[in-house]
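Undergrad: Sharing a model that was predicted from the sequence below.
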Amino acid sequence: MLVELAAFSAAAKTVAKAIQAGRELSTVATSIGKMAESKDALQTRLSKKKNRQLSSVEAEYEEFMALEEIRQAEEDLLKMMVYQGRIGLKDDFIKFQVENRRQRKEAEQAAKKAQQERNETILAIAGIAGMFLLTLAAIGALIYFVKGF
(Lines give C-alpha, C1' and ligand atoms only; values in the text may rest on other atoms or scores of the structure.)
Protein backbone atom coordinates (compact mmCIF):
# COMPACT_ATOMS: atom_id res chain seq x y z
CA MET A 1 0.00 0.00 0.00
CA LEU A 2 2.78 2.41 0.82
CA VAL A 3 4.40 1.66 -2.53
CA GLU A 4 1.28 2.71 -4.41
CA LEU A 5 0.93 5.84 -2.29
CA ALA A 6 4.58 6.81 -2.79
CA ALA A 7 4.32 6.25 -6.55
CA PHE A 8 1.16 8.35 -6.70
CA SER A 9 2.68 11.16 -4.67
CA ALA A 10 5.84 11.29 -6.78
CA ALA A 11 3.83 11.33 -10.01
CA ALA A 12 1.45 13.99 -8.66
CA LYS A 13 4.39 16.24 -7.75
CA THR A 14 5.83 15.84 -11.24
CA VAL A 15 2.50 16.74 -12.86
CA ALA A 16 2.00 19.69 -10.50
CA LYS A 17 5.44 21.09 -11.32
CA ALA A 18 4.74 20.72 -15.04
CA ILE A 19 1.42 22.55 -14.73
CA GLN A 20 3.01 25.34 -12.71
CA ALA A 21 5.65 25.66 -15.43
CA GLY A 22 2.87 25.97 -18.02
CA ARG A 23 3.67 22.75 -19.86
CA GLU A 24 1.12 20.58 -21.62
CA LEU A 25 -0.28 17.40 -20.09
CA SER A 26 1.20 15.36 -22.91
CA THR A 27 4.70 16.08 -21.58
CA VAL A 28 3.90 14.31 -18.30
CA ALA A 29 1.66 11.55 -19.64
CA THR A 30 3.74 8.82 -18.02
CA SER A 31 3.40 10.45 -14.62
CA ILE A 32 -0.35 10.78 -15.09
CA GLY A 33 -0.46 7.10 -16.03
CA LYS A 34 1.47 6.21 -12.88
CA MET A 35 -0.98 8.23 -10.81
CA ALA A 36 -3.96 6.38 -12.28
CA GLU A 37 -2.28 2.97 -11.98
CA SER A 38 -1.34 3.56 -8.35
CA LYS A 39 -4.83 4.70 -7.45
CA ASP A 40 -6.46 1.76 -9.23
CA ALA A 41 -4.03 -0.71 -7.65
CA LEU A 42 -4.81 0.60 -4.19
CA GLN A 43 -8.55 0.54 -4.83
CA THR A 44 -8.33 -3.00 -6.18
CA ARG A 45 -6.34 -4.13 -3.15
CA LEU A 46 -8.88 -2.55 -0.82
CA SER A 47 -11.84 -4.14 -2.60
CA LYS A 48 -10.16 -7.57 -2.50
CA LYS A 49 -9.56 -7.23 1.23
CA LYS A 50 -13.19 -6.30 1.82
CA ASN A 51 -14.25 -9.59 0.25
CA ARG A 52 -12.19 -11.62 2.74
CA GLN A 53 -13.70 -12.60 6.08
CA LEU A 54 -10.69 -11.89 8.29
CA SER A 55 -9.13 -8.47 7.90
CA SER A 56 -7.47 -6.05 10.22
CA VAL A 57 -9.40 -2.89 11.07
CA GLU A 58 -6.13 -0.96 11.33
CA ALA A 59 -5.04 -2.06 7.85
CA GLU A 60 -8.41 -1.12 6.40
CA TYR A 61 -8.26 2.28 8.05
CA GLU A 62 -4.72 2.83 6.82
CA GLU A 63 -5.75 1.99 3.26
CA PHE A 64 -8.80 4.22 3.54
CA MET A 65 -6.60 7.09 4.67
CA ALA A 66 -4.22 6.44 1.77
CA LEU A 67 -7.15 6.60 -0.65
CA GLU A 68 -8.30 9.79 1.03
CA GLU A 69 -4.83 11.28 0.63
CA ILE A 70 -4.90 10.35 -3.06
CA ARG A 71 -8.35 11.88 -3.46
CA GLN A 72 -7.17 15.10 -1.83
CA ALA A 73 -4.05 15.22 -4.01
CA GLU A 74 -6.22 14.76 -7.10
CA GLU A 75 -8.52 17.58 -5.99
CA ASP A 76 -5.53 19.86 -5.44
CA LEU A 77 -4.17 18.92 -8.84
CA LEU A 78 -7.51 19.65 -10.52
CA LYS A 79 -7.70 23.03 -8.78
CA MET A 80 -4.18 23.79 -9.96
CA MET A 81 -5.20 22.87 -13.49
CA VAL A 82 -8.16 25.24 -13.34
CA TYR A 83 -6.26 28.21 -11.94
CA GLN A 84 -2.78 27.79 -13.39
CA GLY A 85 -3.30 25.72 -16.52
CA ARG A 86 -4.77 26.51 -19.87
CA ILE A 87 -8.49 26.69 -20.53
CA GLY A 88 -10.00 23.21 -20.63
CA LEU A 89 -6.99 21.52 -19.04
CA LYS A 90 -9.05 20.00 -16.23
CA ASP A 91 -11.57 18.54 -18.68
CA ASP A 92 -8.79 17.17 -20.86
CA PHE A 93 -7.18 15.59 -17.80
CA ILE A 94 -10.42 13.91 -16.76
CA LYS A 95 -10.95 12.61 -20.31
CA PHE A 96 -7.38 11.34 -20.32
CA GLN A 97 -7.90 9.50 -17.04
CA VAL A 98 -11.11 7.88 -18.27
CA GLU A 99 -9.47 6.78 -21.53
CA ASN A 100 -6.38 5.50 -19.70
CA ARG A 101 -8.52 3.49 -17.26
CA ARG A 102 -10.55 2.05 -20.14
CA GLN A 103 -7.40 1.00 -21.98
CA ARG A 104 -5.93 -0.67 -18.90
CA LYS A 105 -9.17 -2.54 -18.28
CA GLU A 106 -9.27 -3.71 -21.91
CA ALA A 107 -5.65 -4.84 -21.72
CA GLU A 108 -6.39 -6.74 -18.50
CA GLN A 109 -9.40 -8.44 -20.08
CA ALA A 110 -7.37 -9.32 -23.18
CA ALA A 111 -4.64 -10.84 -20.99
CA LYS A 112 -7.21 -12.91 -19.08
CA LYS A 113 -8.76 -14.09 -22.35
CA ALA A 114 -5.34 -15.03 -23.75
CA GLN A 115 -4.53 -16.96 -20.57
CA GLN A 116 -7.84 -18.78 -20.77
CA GLU A 117 -7.21 -19.67 -24.42
CA ARG A 118 -3.73 -20.97 -23.54
CA ASN A 119 -5.21 -23.11 -20.78
CA GLU A 120 -7.84 -24.51 -23.15
CA THR A 121 -5.16 -25.29 -25.76
CA ILE A 122 -3.04 -27.10 -23.18
CA LEU A 123 -6.04 -29.13 -22.03
CA ALA A 124 -6.92 -30.01 -25.62
CA ILE A 125 -3.36 -31.14 -26.35
CA ALA A 126 -3.28 -33.16 -23.13
CA GLY A 127 -6.61 -34.76 -24.06
CA ILE A 128 -5.41 -35.65 -27.55
CA ALA A 129 -2.15 -37.07 -26.15
CA GLY A 130 -4.12 -39.08 -23.59
CA MET A 131 -6.40 -40.50 -26.28
CA PHE A 132 -3.34 -41.36 -28.40
CA LEU A 133 -1.72 -43.19 -25.48
CA LEU A 134 -4.94 -45.05 -24.71
CA THR A 135 -5.22 -46.05 -28.35
CA LEU A 136 -1.62 -47.32 -28.33
CA ALA A 137 -2.28 -49.21 -25.11
CA ALA A 138 -5.42 -50.77 -26.58
CA ILE A 139 -3.55 -51.81 -29.74
CA GLY A 140 -0.72 -53.24 -27.61
CA ALA A 141 -3.19 -55.17 -25.45
CA LEU A 142 -4.96 -56.48 -28.56
CA ILE A 143 -1.64 -57.63 -30.05
CA TYR A 144 -0.67 -59.23 -26.73
CA PHE A 145 -3.89 -61.25 -26.52
CA VAL A 146 -3.96 -62.18 -30.21
CA LYS A 147 -0.30 -63.18 -30.58
CA GLY A 148 0.04 -64.47 -27.04
CA PHE A 149 3.43 -62.93 -26.19
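TA: Now that the structure is in, tell me what you want to look at. These numbers come from a predicted model, not from an experiment.
Undergrad: all helices for the protein, in order.
TA: 2-20, 29-51, 57-84, 89-147 (DSSP state H).
Undergrad: okay if I get the ones you listed as TSV plus mean neighbour count and mean pLDDT?
TA: (Glycine included, C-beta is placed from N, CA and C.) Output for the helices of the chain, formatted as TSV (neighbours: other C-beta atoms under 10 Å; pLDDT from 0 to 100):
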stretch	mean neighbour count	mean pLDDT
helix 2-20	17	81
helix 29-51	16	77
helix 57-84	14	81
helix 89-147	11	92
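Undergrad: And the residue nearest to Glu69 when sequence neighbours are not counted, how close does it get to Arg23?
TA: In space, and not counting its chain neighbours, Glu69 is closest to Leu5: 6.7 Å by C-beta to C-beta, 6 or more residues apart in numbering. Plainly put, Leu5 is 25 Å away from Arg23 if you go by C-beta to C-beta, to the nearest Å.
Undergrad: And Lys112, by the same measure?
TA: For Lys112 relative to Arg23 (C-beta to C-beta), the value is 37 Å.
Undergrad: what do you get for Glu106?
TA: 29 Å.
Undergrad: and Gly88, backbone torsions?
TA: phi 80, psi 0 (degrees, to the nearest 10).
Undergrad: Let me know the pLDDT of it.
TA: In the predicted model, Gly88 carries a pLDDT score of 84.
Undergrad: what's the neighbour count on it?
TA: Other residues near Gly88 come to 11 when the count uses other C-beta atoms under 10 Å.
Undergrad: and what of Ser26?
TA: Neighbours of Ser26 using other C-beta under 10 Å come to 10.
Undergrad: let's number from 791 now, not from 1
TA: New numbering, starting at 791: the last item is Ser816.
Undergrad: Mind pulling the model confidence for it?
TA: Reported pLDDT for Ser816: 70.
Undergrad: Please tell me how far it sits from Arg908.
TA: From Ser816 to Arg908 the distance is 36 Å (C-beta to C-beta).
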